[in-house]
Each structure stands twice: as structure tokens, then as C-alpha cells.
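Undergrad: Can you look at this prediction? I've put the sequence above it.
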Amino acid sequence: MLIGGQWTSAGATVFDSINPATGERNYRIAGAGPEHVELAVAAAREAQARPAWRDMLPHRRAALLMRIADGMEASADRLADAQRLENGKVVAECRSQVASAAATFRYYAAVCETLGEEITPSRGAYLSMSIHEPHGVVAAITPWNSPLTMEAQKVAPALAAGNAVILKPSEVTPSPALELGRIALEAGLAPGLLNVLPGFGAEVGGPLVAHPGVDMVSFTGGTASGRRIAEVAARKLMSVALELGGKSPHIVFADADLDAAADAIIGGIFEGSGQSCVAGSRLFVQRSIRDAFVGRIVERARALRVDLPDAPGAQMGPIASFGHRERIEAMVDGARGRGVEVLCGAERPADARLAAGAFYRPTVLAPADGGDPIVREEIFGPVLCALAFDDEADLVAQANDSVYGLAAGIWTRDFGRAWRIARALAAGTVWINTYKQLSISTPFGGFKDSGLGREKGIGGLRLYQQGKSIYVATR
Ligand code: NAD
């Protein structure tokens, strides 16, 4: 773990980092506990209060973030491997996520250097302004599905905003965060400004959130964990940003470009083995084309190449952990037991080369309606539920019938209709005739149980600051 610029494993509970493609151990990892939280909070508070950091001019802070981006690019292969070996994403996706993480540091360097404060309209003989200051110490807690990008998305703006950060990566994927800690130190970030505490939610995450020396928590993960964190934050009256689960509707009208829609639906649910918060896991197809279009999706799903993540041409790697595969299997088997029709998948691949890994075939299910738990609960795996709708009103009612509201996709050539539906859906992001486009310059977050607050964009820097108003008499 990285505390106050020092690498240490003293007092750690050692746990294994496992390669889900092979079942083999990658490394033994030092897991932090409450005593390490104490040390990291003390180091972060001390580092954040240093004038060299507090008073650092924005263009200098920006230059530091640029150097971290350079360091990430120089370590691109190592970072991509660190993620692939722990969550099993295919090589191409890991590489593109390294590029995206480095771009995130560059984006927040640019925001940091150029974002001004505001002079507000004066109502008297004074100059009034609204300026922004860091919260202090930010705890960033991340999941295992895309650690490279999620960690950059929190650490870059939190540092740009002038905070110190304690990063608690998922116990499934501790290594990318440790690599980021190394790169930041090598780039010249002062010790203590980025601390990395690998370990488990109960042993590190909980104590970190509850610690009085932590001023803000930025969390990405499951809704149940997010709710627990919000309860603790309420007692402390501390700011929280929560990016949580989803069960996103992907909608196809009969007039759509069906080839493009089919590509997006396959990518939207099976890329990353469905372990994406914005996975388009509920497919709604207009009834007149439902059977033909779903048949096409099933054909495409069957043809996907499930393989070792570093095999050339692999389209889908394993599930990120054996425990998570068991959860997915239990959910799908439960649905089958309740009479939900299996159109394809719902099994492990037959290929003997993959037998030691946590692989699972792309699965398409046809529930009778939206009432079954398989349509209501987040699976976070390569499982698509195909449903039908009659008209716009029926579609909007079905699509919004979820506790989640993270994202949605609409395929139609009728722009007026796309616009009406985009406005009617309860979702933080809506894609029209595209899916899973994500940009660091555009805010991201959820409605309803999918979260609180918006990351990314210029507001993604403000998320890590608090406002201060200053009045100066002019006579
Ligand atoms: P998780 O909630 O189990 O764990 C996320 C992180 O929180 C891990 O680092 C974990 O150790 C820690 N943690 C768990 N309980 C905690 C607690 N009580 N206090 C503090 N920390 C705690 O989620 P996961 O299984 O790692 O990730 C999958 C979930 O993440 C899915 O629900 C998925 O939708 C969600 N997710 C959301 C987004 C988004 O941007 N909205 C992105 C990716 C993943």
C-alpha cells in the first residue's frame, strides 16, 4: 500500500489477486485495515495543508497532472496488463481504457488551468465574488469492472481541485491503483497527496468513510454499498458523490437502422462481459419486428468469440471473479426455474482451454414481461433480457419501471419521437442512434437508485470543491 509516499505492507492482511481467465494467483497483496486508514488520513491531511499544495497556482497544478498523464502513457502496457490480469477484460479494451485514463488527467489539467471564478452582480458598494476551495481529504472508492478509467475519473479532478486523495480500489483489482500511485510519485506529486489502500470494503472502505478526517467520499459501486456510505455521510454531514448500479433500457423501433442497432445492442451488453454500469441489459423491441430482430441478436450473441483476454480476436473475456460468476449463474438459473425462456447461453463455454477460468456464454433471455426479478435486478454480467412494446406510451412506462436510472439507448429514424422519449425517460444519460459513447467532457451520473451527483465535465472538478463567497467594500 502507499501511505504518505512510502510503500509498506507492515501490519497488512495479505490477500490474493487472482487471474479470472486462468484461476491462477497473480500476486499477494497487502490489504489495509483501520490502522492504515489512520496513517493515510494523517498523511493526507498533512500533505493537503502544506502551502506548497494549497497555494500552488493552477497552471503549475495542471503541469503536474499533465506529467501524470505522460507517465500513464509511458506505462501503458503495464497498466493495461495490470487490469487485464485482475478483471479479465480483453487486451484492446484495457489499452483503450489506459488512453482514456491519461486523457482524463489531461482534461482536468486543462480545466484546472482555465476555469475562472465568478464575480457576482453587486447590489451595493462592494465587489462580490464566488470562489471555490477544496474539501480537504477525499476518499475515492472504486469497483473492479473498469478501475483504470474510474480511478482516473476521481483522482484527476480531486487533485485538480486541490484535495489530497485516499484511493481504495476494489479487492478484486488492486493493482491499477498501485500503479497509478507509483506513476504520480514519479511525476512529482508530493508524498501524501495520493495514498492507495487496497483491501476489503468492511476493513478499509467502512473505516475510511467514517473517519472524521475524511471530508468527502466519491464512490462508484453497487447501490447497497452506496446507500450504506450515504447513511454514514449523513451522520457526518459530509459530501458524497455516488455512481451506482443500472438496468438500462435499450430501445429499438421498427423504423431504425437495424444493422447499426444490432451492433450497438451486442456491444452494449456483451462488451466487458456485461460488467458495465451502463450495460444495455433490458432490450425493448417494437412488437412488429420483435421476433425477427431478437432472432438476429441471438445469432450474433452465439457467434461472439469468448476467449482468453489476450487471445487475438477475443471479443469477450471471463467474468471478473469466480464469486461473481456464481452470482450470475444463480440469477440466470433462478429465472429459468421460474419459467423464463433461454434463447441462448446460460452456460459455461464447452472449450476445454477455458475450463479453469470464470467464463460464461453470452446469454439472451425472453421473460414474459418486466415483472420477473431477472428484469428488475442488476445482473452485471453478459445477460440480456429481450422484451416487446406496442407504442411510445407503453415503451416509456416499461422502460421507466425500474429503481435504476443510469442510461438508456433509443434507435429510431423519427427524430421527434427520439426527442420525446429521451425527455420522458428517467436516466442520467440517453443515447440516440448510438450507445455507450462516453466522454470526459460530458457529465455522467444516475437518476433514482443509480446515484447522486455528476462526475466528468467541468462540474466534475467542482464536485471536489466547496463554494466560498467573498465581499470586498469598494468605498
Ligand atoms: P461494491 O459496492 O461491492 O464495491 C465497490 C467498492 O466499494 C469496492 O472497493 C468495495 O471494497 C467497497 N465497499 C463495499 N462496501 C463498502 C462499504 N460499506 N463502505 C465502503 N466501501 C465499501 O461494487 P462492486 O461489486 O465492486 O462493483 C459492481 C457495482 O458497481 C455494480 O452495481 C455496478 O453497477 C456499479 N458500478 C457503477 C458505475 C457507475 O458509474 N454508475 C460504474 C461501475 C460500476
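TA: Yes, it's here. Numbering: from 1, shown residues only.

Undergrad: Quick check: Asn19 touching Leu85?
TA: Yes - using C-beta atoms under 8 Å, Asn19 is in contact with Leu85, at 5.2 Å. Where you see a C-beta, it was placed from the backbone N, CA and C, and this is true even at glycine.

Undergrad: Between those two, point out the one with more neighbours.
TA: Under the criterion of other C-beta atoms under 10 Å, the comparison of Asn19 against Leu85 puts Leu85 first, with 24 against 21.

Undergrad: just checking, the more buried one is part of a helix?
TA: Yes - counting by DSSP: H, G, I helix; E, B strand; the rest coil, Leu85 is located in a helix.

Undergrad: can you list residues touching both of Asn19 and Leu85?
TA: Asn26 (C-beta atoms under 8 Å, 6 or more residues apart in numbering).

Undergrad: check contacts around Ala164.
TA: 44-45, 47-48, 53, 136-138, 192-195.

Undergrad: For the ligand, state which of these is nearest.
TA: Using C-beta to the nearest ligand atom, Val138 is the member of the contacts of Ala164 that lies nearest the ligand, at 13.8 Å.

Undergrad: what lines up beside the helix or strand harbouring that closest one in the sheet?
TA: Assigned by DSSP states H and E, Val138 falls within strand 137-141. Paired strands of strand 137-141, with direction, are strand 164-168 (parallel), strand 216-220 (parallel) (DSSP bridges).

Undergrad: The helix or strand just after that strand packs against which elements?
TA: Once the chain leaves strand 137-141, the next helix or strand it forms, by DSSP H and E, is helix 147-160. Secondary-structure packing of helix 147-160 (3 or more C-beta pairs under 8 Å, 6 or more residues apart in numbering; DSSP states H and E): helix 58-74, helix 76-87, helix 91-114, strand 137-141, strand 164-168, helix 175-187, strand 216-220, helix 459-462.

Undergrad: and helix 147-160, average pLDDT?
TA: Mean per-residue pLDDT for helix 147-160: 98.

Undergrad: what about that helix, distance to the chain center?
TA: Mean-position distance between helix 147-160 and its chain equals 11 Å (C-alpha atoms, centre = their mean, to the nearest Å).

Undergrad: Tell me the pLDDT of the residue of the stretch 251-400 of the chain found nearest the ligand.
TA: Relative to the ligand, the nearest point of the stretch 251-400 of the chain is Cys277 (3.0 Å; C-beta to the nearest ligand atom). Confidence at Cys277, expressed as pLDDT, is 97.

Undergrad: Repeat that for Val298.
TA: Reading off the model, Val298 has pLDDT 98.

Undergrad: Would you mind listing the buried residues in the strand holding Val138?
TA: 137-141 (16 or more other C-beta atoms under 10 Å).

Undergrad: Can it be said to contact the ligand?
TA: Yes - counting by C-beta under 6 Å from any ligand atom, the ligand has neighbours in strand 137-141: Ile141.

Undergrad: Quick one: residues in contact with that strand.
TA: 41, 44-45, 48, 151, 154-155, 158, 163-168, 205, 208-209, 211, 213-221, 229, 464.

Undergrad: near the ligand, which of those show up?
TA: Restricting the contacts of strand 137-141 to those touching the ligand (C-beta under 6 Å from any ligand atom) yields 168, 205, 209, 220-221, 229.

Undergrad: Tell me the one of these nearest Gly451?
TA: Thr220 (8.5 Å; C-beta to C-beta).

Undergrad: Spatially nearest residue to that closest one (excluding sequence neighbours)?
TA: Once flanking residues are discounted, Thr220 sits nearest to Glu243: 4.1 Å by C-beta to C-beta, 6 or more residues apart in numbering.

Undergrad: Pop out the phi and psi values for that neighbour.
TA: phi -110, psi 110 (degrees, to the nearest 10).

Undergrad: go on, Val172?
TA: Taking degrees, to the nearest 10 as the convention, Val172 sits at phi -80, psi -30.

Undergrad: Quick one: residues contacting Leu438.
TA: Counted by C-beta under 8 Å, 6+ apart, Leu438 has contacts 278, 444.

Undergrad: The chain should start at 372 in everything you say after this.
TA: Shifting the count to begin at 372 puts that one at Leu809.

Undergrad: tell me the contacts of the residue of the chain found nearest the ligand?
TA: Sorted by distance to the ligand under C-beta to the nearest ligand atom, the residues of the chain start with Gly576, at 2.2 Å. Contacts for Gly576 (C-beta under 8 Å, 6+ apart) come out as 512, 539, 570, 596, 600.

Undergrad: Farthest pair within these?
TA: Put simply, by C-beta to C-beta the two of the contacts of Gly576 set farthest apart are Gly570 and Ile600, 15.7 Å from each other.

Undergrad: before we move on, the earlier item: out of the contacts of Gly576, who has the most neighbours?
TA: Most surrounded of the contacts of Gly576: other C-beta under 10 Å gives Lys539, at 30 neighbours.

Undergrad: Can you name the residues bridging to it?
TA: Going by DSSP bridges, Lys539 forms beta bridges with Ile512.

Undergrad: pLDDT score for it?
TA: Lys539 is given a pLDDT of 98.

Undergrad: residue contacts, Lys618?
TA: 652-653, 746-749, 773-775, 777.

Undergrad: With that, I have no additional questions.
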